[in-house]
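> whatever this is, show me its structure:
(chains A and B)
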Amino acid sequence: MTVRTRFAPSPTGYLHLGGLRTALYCYLFAKQNKGKFILRIEDTDQEREVDGAIEMIYSSMRAAGLHYDEGPDVGGEYGPYIQTERKDIYLPYAMQLIESGHAYPCFCTVEELAERREAAAENGITFKYDKKCASIPKDEAKKRMASGEPYVIRQNMPIEGSSSYEDVLFGTVEVPNNELDDNVLIKQNGMPTYNFANVIDDHLMAITHVMRGSEYISSTPKYNLLYDAFGWERPIYIHLPVVMKDATRKLSKRYGDPSFEDLLDMGYVKDAIINFIALLGWNPGDNREFFTLDELVEAFSLEGLSKSPSIFNMDKLKWFNFEYIRNMPFANYLKQATPWFDKELQGKNIDYKRLAELTQTRTEVFNQLPEMIDFLAELPEYDIAFYTHKKMKTNSEISLTILKELIPVMEGIDDWSENTIHETLVNFIAEKGCKNGLVYWPLRIAMSGKLNTPGGAIEIAYLLGKNETLKRMNIGIDKLEN
RNA sequence: GCCUCCAUGGUCUAGCGGUCAGGACGUCGCCCUCUCAAGGCGGAAUCACGGGUUCAAGUCCCGUUGGAGGUACCA
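Numbering: from 1, shown residues only, chains lettered A, B, ... in the order given. As a prediction, this is how the structure comes out:
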């Protein structure tokens, strides 16, 4: 048996991180078993569909490196892979269920139902459809359907006993049948609901392992009843716990939580996101933390899956990102950092290569770069209190003296290289017989106007160039004299 | 409310009857150092609670509490 998994998102917007994780696990499991990974678009609720969302799913999957073997844009033998394009497939199956008594047409209107639901809520009871239309004789029902009267098709749930199934992760899940509502299978507009389409499609597409969010745990018995009614083999279920934002809320765009695309835009690297997401609810059984996608395919196991919801910890993602950035080849880093440098330094004639060397071990996320290097573009306003540093033993007066003495020294440098600057300053310090910090600190403050900078005085002087360095030193002197 | 599920430091987790409860992020301290990082070293911090079962319970059972999911002509 070939393993076939599917990721079946609804085109309601961006690809959220919980969805990405589900997709990842589906992908890993399929690949590990030399099976097929399928993308299916579940767009049966046309009202919720967002323009362009389908394309966004394709591009996000591509960006994540999660290549599917079958899908709307790549084809496959089990297509179409978009449910609205499969619309005509579902009704005959529903009719078959009506014939066998596992479903029935329902003529109750939404308004009517809403009223009853409300009444139930007032009495504190869980609303369940009362099977009113189930008792309509088949002939009469057929006549009314043929006459053009609006109807939906409902699944006819058993009222006694209980249904259970084995979930790979959660074990036996048992639900009393009287808890099962007669779900709508086919809506009034002829479109199937998720409850129906997922079963039909999973079967028709020969899906062997259904991996999906835990929100389906308690409705899965209903789907199984459908498989049974058709005499189809039930798939293997692996429900995945949700990804949370904090202890009580799940990750949601509405709360401003980033989507996969957002993360990419912020300057998180795809491999770091994937690596982190993989470990959110799964562990390899040892203490290993770094995995490429291929290594994940190798290492993934259902046994390592966790049952409880996990909180998406941004700090750890940041750390992963940092590790990936720090360890990426320098050329690669420079290439990715360049657009971020450009935001502040475009046209400024700054040695990006040298700058990148200084920032690589300081970049957790690329979007931190502009703020980190902005002082190179323009000297920020700063407080002369910056010149006072206890450990460096500097204060305003000392800094003023140092800067003044340093002007001619710096002016005398012809070859404005880090080596020469370094040598010159070392000599100056030696002559004065003071501590390094006493000279470097005021110089760095004058040049950057910031307490913290990537790199020290020498590197900054080099990056700024001779003119700008002297200019900023003079500005510092002016500030200190007033 | 009802149904289903879950429960190890702040977070992600290891553990599958006998461990000094392991790792990672974060956090704190020290070293290095012209700042911030990086790097090195070290510290604090966890089995939700209550009953059982057992010679022995984080591990098994029951209950409580807390949390999540479901309860749509949404998925």
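
> ok, A:Trp340 touching A:Asn367?
Yes: contact criterion C-beta atoms under 8 Å: A:Trp340 and A:Asn367 qualify, at 7.0 Å. For the C-beta atoms, the positions are set from N, CA and C on the backbone; glycine is no exception.

> what do the two both touch?
Residues touching both A:Trp340 and A:Asn367 (C-beta atoms under 8 Å, 6 or more residues apart in numbering): A:Gly267.

> just the element for A:Glu115, please.
helix A:110-122 (DSSP states H and E).

> how about the lowest-mean-pLDDT helix or strand in chain A, which residues are buried there?
Within chain A, no helix or strand scores below helix A:110-122, which has a mean of 88 by mean pLDDT, DSSP states H and E. By neighbour count on 16 or more other C-beta atoms under 10 Å, the buried set for helix A:110-122 is A:Arg116.

> give me the pLDDT for the spatially closest residue to A:Leu369 that is not a sequence neighbour.
Leaving aside its chain neighbours, A:Leu369 sits nearest to A:Trp340 (3.9 Å; criterion: C-beta to C-beta, 6 or more residues apart in numbering). Here the pLDDT value assigned to A:Trp340 is 97.

> A:Trp340: neighbour count?
Using other C-beta atoms under 10 Å, A:Trp340 has 20 neighbouring residues.

> show me the contacts for it.
A:Gly267, A:Phe366, A:Asn367, A:Leu369, A:Pro370.

> just the buried residues of these.
Looks like the contacts of A:Trp340 have A:Gly267, A:Phe366, A:Leu369 buried, using 16+ other C-beta under 10 Å.

> that older thread, from the contacts of A:Trp340, which land in helices?
The helices, defined by DSSP state H, take in A:Leu369, A:Pro370 from the contacts of A:Trp340.

> could you list the buried residues of the helix or strand harbouring A:Asn321?
Using DSSP H and E, A:Asn321 maps to helix A:314-327. Buried residues in helix A:314-327, counting neighbours by 16+ other C-beta under 10 Å, are found at A:Leu317, A:Lys318, A:Phe320, A:Asn321, A:Phe322, A:Glu323, A:Tyr324, A:Ile325.

> show me what contacts the residue lying closest to A:Pro72 once chain neighbours are set aside?
Nearest non-adjacent residue to A:Pro72, counting by C-beta to C-beta, 6+ apart: A:Tyr81, 4.4 Å away. A:Tyr81 is in contact with A:Ile38, A:Leu39, A:Arg40, A:Ile41, A:Glu70, A:Gly71, A:Pro72, counting by C-beta under 8 Å, 6+ apart.

> run a quick neighbour tally on the second one.
When counting by other C-beta under 10 Å, one arrives at 26 neighbours for A:Leu39.

> if we can go back for a sec, including pLDDT, could the buried ones among the contacts of A:Trp340 go into JSON lines?
Listed next are the buried ones among the contacts of A:Trp340 as JSON lines, based on pLDDT from 0 to 100:
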{"residue": "A:Gly267", "pLDDT": "97"}
{"residue": "A:Phe366", "pLDDT": "98"}
{"residue": "A:Leu369", "pLDDT": "97"}
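
> quick check, nearest of the residues you listed to A:Ala331?
Comparing the buried ones among the contacts of A:Trp340 against A:Ala331 with C-beta to C-beta places A:Phe366 closest, at 15.6 Å.

> quick one, what contacts the nearest residue in space to the closest one that is not next to it in sequence?
In this structure, A:Phe366 finds its nearest non-sequential neighbour in A:Gly267, 2.5 Å apart by C-beta to C-beta, 6+ apart. The contact partners of A:Gly267, by C-beta under 8 Å, 6+ apart, come to A:Gln336, A:Trp340, A:Val365, A:Phe366, A:Asn367, A:Gln368, A:Leu369.

> give me that answer again for 10 Å
Counting by C-beta atoms under 10 Å, 6 or more residues apart in numbering, A:Gly267 touches A:321, A:325, A:336-337, A:339-340, A:363-369.

> now it: how far from RNA strand B?
Distance, A:Gly267 to RNA strand B, by C-beta to the nearest atom of the strand, to the nearest Å: 15 Å.

> please identify which helix or strand holds the residue nearest to A:Leu369.
Going by DSSP H and E, A:Trp340 is in helix A:330-345.

> tell me the buried residues in that helix?
Neighbour-count burial for helix A:330-345 [16+ other C-beta under 10 Å]: A:Tyr333, A:Leu334, A:Gln336, A:Ala337, A:Trp340, A:Phe341, A:Glu344, A:Leu345.

> residues making contact with the helix or strand following it?
Once the chain leaves helix A:330-345, the next helix or strand it forms, by DSSP H and E, is helix A:352-359. Outside helix A:352-359, the residues within contact range by C-beta under 10 Å, 6+ apart are A:325, A:330-331, A:333-338, A:340-342, A:345, A:351, A:363, A:366, A:368-369, A:372-373, A:376, A:418, A:453-456, A:459-460, A:462-463.

> what number of residues lie near the residue in chain A positioned nearest to RNA strand B?
The nearest approach of chain A to RNA strand B comes at A:Gly456, 2.2 Å away (C-beta to the nearest atom of the strand). Look at A:Gly456: counted by other C-beta under 10 Å, it has 15 neighbours.
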